[in-house]
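*Asks:* need a structure here:
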Amino acid sequence: MPRFKKDALTPDTYSVPDATGKKRRLIVYTDADVNHLAQRFRDMQTAGLAVPVAWEHQDEAKPDEEDEVKQRLSQKLADRARLTRGYLEEAVLEGKTLGFNMEVPDEQDARQFEKVRYVSPEIVTDWVDGRGHLWPGKSITHLAVTSRPVQPGQGRPERLSLPDNVVRLSLADRL
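*Replies:* Modelled structure (predicted):
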């Protein structure tokens, strides 16, 4: 099963689109925020929550006429499941940068992830999980694979496992 290590968030000031997508606002993530998000991920994992890796961000359904809302919500839930490509396994702090080890079970998805290269965490403040538990402060609720990240200078995904179709009969890989 393909596994990767990928940097996801470095302390900095970022210019992000507002809810309308027409204006931009500045968001600051500090060293303390990055450390908090790493610990929060560990706490969520201990609580049995799985944080997905998805193709692009998965928006919530928007208010509309009732029949259209039901149809869009149903499609949105199907898309969310279909567009989920794996799960985060471990938070990794390297210097000031938060990264994750993750699994991407399908080899074709793993190759596409290597081509796209970049990620964008969705960070929600005061998130409530499916059990009704409030997670105060900031939480990463999914990691989107995206070709247009706000954070510049991201590294490539580092494959931690060989593709399923590769066998190496050498001990040199293990040094």
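*Asks:* Which helix or strand contains the residue at minimal distance from the centre of the chain?
*Replies:* With distances taken as CA atoms, centre = their mean, the chain has residue 143 as the residue nearest its mean C-alpha position (0.9 Å). Secondary structure assignment for residue 143, by DSSP states H and E: strand 134-146.
*Asks:* hey, where'd the helices end up in the protein?
*Replies:* 31-46, 66-83, 107-116 (DSSP state H).
*Asks:* rewinding a little: got a list of what the residue nearest to the centre of the chain touches?
*Replies:* Contacts of residue 143 were listed using CB atoms under 8 Å, 6 or more residues apart in numbering, and they are 6, 8, 51-54, 88, 100, 102, 119-122. Glycine gets a C-beta too; all of them are placed from N, C-alpha and C.
*Asks:* Show residues contacting stretch 32-52.
*Replies:* Contacts for stretch 32-52 (CB under 8 Å, 6+ apart): 9-11, 84-88, 91-93, 96-98, 100, 121, 123, 129, 133, 135, 137-143.
*Asks:* Can you mark which positions in it are buried?
*Replies:* Under the neighbour-count criterion of 16 or more other CB atoms under 10 Å, stretch 32-52 has 33, 34, 36, 37, 38, 40, 41, 44, 45, 49, 51, 52 buried.
*Asks:* Kindly indicate which of the residues you listed lies nearest residue 22.
*Replies:* Proximity of these to residue 22, judged by CB to CB, is greatest for residue 33, which lies at 26.3 Å.
*Asks:* any idea how far residue 122 is from that closest one?
*Replies:* Distance check for residue 33 against residue 122: by CB to CB, to the nearest Å, it reads 14 Å.
*Asks:* Could you list the low-confidence segments of the chain?
*Replies:* Across the chain, the stretches falling below the confidence threshold (pLDDT under 70) are 58-82, 162-175.
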